[in-house]
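S.K.: Return a 3D structure for these sequence lines:
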Amino acid sequence: MGVLDYIEVPSPDVAGQKRFYSDVFGWEFTDYGDHYASYEKGPCQFALNGTGQHHGAAALPVIRVTDIEQAYTNVVKAGATITIEIFDFPGGQRFHFDDPQGQSMAVYEPQNA
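M.R.: Prediction:
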């Protein structure tokens, strides 16, 4: 089973966007390097990706799973197109896909799932 866990947006200015969301909503961010930060206190986390890697031009919904290989198989069987193969990142593993209607999504398995 997958849980919508994360929304990631591309960010040309992570520090500026962190200030904005902190000022407006009181959010506190966890930094993962200089170009990635995440608000992790809500039921759905919100991340700012300024790395220039693994993101598109719009917000990316990210689904948390406990078995990324099985999720990958299920996504492919259901007719989605894999756009970024499984890759490692500091929090675990992730892949991206477009569903049959063209919606871009990602799936991740936390490091200690």
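S.K.: Which pLDDT value goes with F89?
M.R.: As predicted, F89 sits at a pLDDT of 87.
S.K.: Can you give me the distance of it to S38?
M.R.: 12 Å (Cβ to Cβ, to the nearest Å). Every C-beta, even on glycine, is put in place using the N, C-alpha and C of the backbone.
S.K.: These two: which is more packed in?
M.R.: S38 (18 against 14; other Cβ atoms under 10 Å).
S.K.: and the more buried one, which of the three is it?
M.R.: Of the three states, S38 takes strand according to DSSP: H, G, I helix; E, B strand; the rest coil.
S.K.: do the same with V76
M.R.: Secondary structure state of V76, per three-state DSSP, is helix.
S.K.: wouldn't it be in contact with T83 here?
M.R.: No: look at V76 against T83 with Cβ atoms under 8 Å: they stay out of range, at 12.0 Å.
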